[in-house]
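Asks: Sequence and predicted structure, then a few things I'm wondering about:
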Amino acid sequence: MSARVEHLVTSGTFSLDGQTFDVDNNVWIVGDDEQVVVLDAPHDVEAIATAIGDRRLLAVVCTHAHDDHVRQAPALAQRFSGAGHEVPVLLHPADRPVWELTHPQVATTDLAHGQVVTVAGTDLHVLHTPGHTPGAVSLYAPDLATVFTGDTLFAGGPGATGRSFSDFGTIVASIRTVLLELPAETRVHTGHGDDTTIGDEAPHLQEWIDRGH
């Protein structure tokens, strides 16, 4: 039996470059009745812990280190650690400078492009997709025909690149050379907002480039 995907939305703020915004974040829980991984732990540790219940949390995987995606990651990992089981917080090392804006003295475990995170018999393949941040990653689950893109790709275009640590050309390259190489039917679970598919987004790449988000 393969893993299933559960969806939770939490609300809070995103702060960077001296500005703060209200945001709603998608939290994705992948697993079965016994074990799960959590993709991003933003604002409400109680809500996420309730959704996990008494299942074993294997890891908190950060798609990137903006505060609205990682604020509760250390607390969630600590809450489900114990009795010889340490829950790692997984983050691409290129995002360590962004992480330290929120958690300056908290350790993380490195994620690498090509690494596989396995939960409930289902493999999540780590894809380094920088641009929104230097260490942004997506998680591709072939068995689920799903990719979790964080803030790299949304329904309607790439994630924002107008702030520190971001670059428009880099995010477009990540989408073109990594994400759009996935099968067209692959469902895209994003960091904010609605789902889309690779096939729905692929035809609009040149439009995004011309707009220069």
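Replies: Alright, I've got the coordinates. Here the structure is a predicted model, which means the values were calculated and not measured.
Asks: pLDDT score for Met1?
Replies: At Met1, the predicted lDDT confidence score is 57.
Asks: Show me what the longest helix anywhere in the chain is in contact with.
Replies: Criterion DSSP state H: the longest helix present in the chain is helix 168-177. The contact list for helix 168-177 (CB atoms under 8 Å, 6 or more residues apart in numbering) reads 128-132, 136, 152-153, 158-159, 161, 201, 205, 208-209, 212-213. For glycine as for every other residue, the C-beta is placed from the backbone atoms N, C-alpha and C.
Asks: what about the residue most central in space within the chain, distance to His189?
Replies: By CA atoms, centre = their mean, the chain has its centre lying nearest to Thr63, at 2.8 Å. Taking CB to CB, to the nearest Å as the measure, Thr63 falls 10 Å from His189.
Asks: which residues are common contacts for the two?
Replies: With CB under 8 Å, 6+ apart as the test, Thr63 and His189 both reach 148-149.
Asks: follow-up on the earlier one: for PyMOL, write the selection for the buried entries among the contacts of helix 168-177.
Replies: The buried residues among the contacts of helix 168-177 can be selected in PyMOL (16 or more other CB atoms under 10 Å) with this line:
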select buried, resi 128+129+130+131+132+136+152+153+158+159+161+201+208
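Asks: In strands only, show me the contacts of helix 168-177.
Replies: 128, 153, 158 (DSSP state E).
Asks: List the beta-bridge partners for the second one.
Replies: So that's Leu153. Pro158 (DSSP bridges).
Asks: Look up how far Leu179 lies from it.
Replies: With distances taken as CB to CB, Leu153 is found 6 Å from Leu179.
Asks: Find residues that contact each of those two.
Replies: 129, 138, 188.
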